[in-house]
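> quick one: sequence plus predicted model below, questions after.
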Amino acid sequence: AAWQIAGRKIWNWGEKKLHIRDEKVLACELLAEPEMQPLIPLMRRLPRQKVAIIGHSFTMGIHWSSPASFVQVVAAILAAQNSSIQFRQFQAGGLTAARALYDFLPEPEAVGRMRDWVRLVASFPRTFFDAAVAWKPDQVLLVVGARSDEDLAAVKQMGEGFAREGIRSFIFDDIGDTTSRKPAMLDQFNQAALSAGFSIIEVKALLAAAPDRSQFLCLDGIHMKEPYHRLMAKEWLKFLIGARELRLGEASR
């Protein structure tokens, strides 16, 4: 299994770096699908806005399991259709709600020299949450793990914080990530988010009913392959352009 994963990583990274299959290729393929054609005018009419993403590895383009995550695919689609939409990611592998609220960004180990770290601490907000708020987005998508009561408290605090700043905040009702979102805690996490002002983009039923669901999970048993990210890209894009409904959080009612 380890050798299979190593080989697949090399293959996928090679195609990505050579732009054989990356976010732009996936964006072009999705835009060519018949169901996407009626959505193009909606994309072009979107007002100028800033969209922040606070997320774990399912949102990160660096991962080997897919040519791109759904975040990069949607950003590439809108870059081609409406360049007034700005995206910025605040990301880390294994990011939970509590880490998003309390952990430093950037992390110290990502900085080569101590004086660089001191300079960065002085010039940047300290946490993922603070960094996202400081960017002053119009909306934020939160894709994080939930393993403990601390995570439930953190998502509530973040939702209330976004609402105070006038930032619309969203989560997915499920992302198919059983390693960082415990199934027993999923409903509690969604309810905590709703009560704090997050609105919910419902994809759980779509993920469960997807005809290619068996092709979602990659060799490591954690991360998702291209079919998953294509589906999620479509659903998040439909939400962004107003082509699908939400479950509204308390602060949005």
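Okay, I see it.
> all contacts plus neighbour counts: C-alpha atoms, from now on.
OK.
> in this protein, where is pLDDT below threshold?
Residue ranges of the chain with pLDDT under 70: 106-125, 247-253.
> run the last query once more with 80
In the predicted model, the chain carries pLDDT under 80 at residues 105-126, 178-184, 245-253.
> can you map out the strands along it?
For the chain, applying DSSP state E gives strands covering 49-55, 85-91, 139-143, 168-172, 199-201.
> mind checking how far the second one is from the chain centre?
For strand 85-91, the distance from its own C-alpha centre to the chain's C-alpha centre is 9 Å (CA atoms, centre = their mean, to the nearest Å).
> ok, now the third one?
The chain centroid and the centroid of strand 139-143 are separated by 7 Å, computed with CA atoms, centre = their mean.
> dump stretch 211-228 to PDB, restricted to CA.
Taking Å, rounded to 0.1, in the frame of the first residue of the first chain, the C-alpha atoms of stretch 211-228 are listed here in PDB:
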ATOM      1  CA  PRO A 211     -23.100   7.400  -8.500                       C
ATOM      2  CA  ASP A 212     -19.300   7.600  -8.400                       C
ATOM      3  CA  ARG A 213     -19.100   7.600  -4.600                       C
ATOM      4  CA  SER A 214     -16.900   4.500  -4.600                       C
ATOM      5  CA  GLN A 215     -14.300   6.600  -6.400                       C
ATOM      6  CA  PHE A 216     -14.100   9.400  -3.800                       C
ATOM      7  CA  LEU A 217     -11.600   8.000  -1.300                       C
ATOM      8  CA  CYS A 218      -7.900   7.900  -2.200                       C
ATOM      9  CA  LEU A 219      -5.400   5.200  -1.200                       C
ATOM     10  CA  ASP A 220      -4.600   6.700   2.200                       C
ATOM     11  CA  GLY A 221      -8.200   6.200   3.300                       C
ATOM     12  CA  ILE A 222      -8.500   9.800   4.400                       C
ATOM     13  CA  HIS A 223      -8.400  12.200   1.500                       C
ATOM     14  CA  MET A 224     -10.500  12.600  -1.600                       C
ATOM     15  CA  LYS A 225      -9.900  12.100  -5.300                       C
ATOM     16  CA  GLU A 226     -11.000  14.100  -8.300                       C
ATOM     17  CA  PRO A 227     -14.700  12.900  -8.500                       C
ATOM     18  CA  TYR A 228     -15.400  14.200  -4.900                       C
END
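> what ranges do the helices span in the protein?
2-17, 23-31, 40-45, 70-81, 97-102, 114-123, 128-134, 149-164, 183-195, 204-209, 226-240 (DSSP state H).
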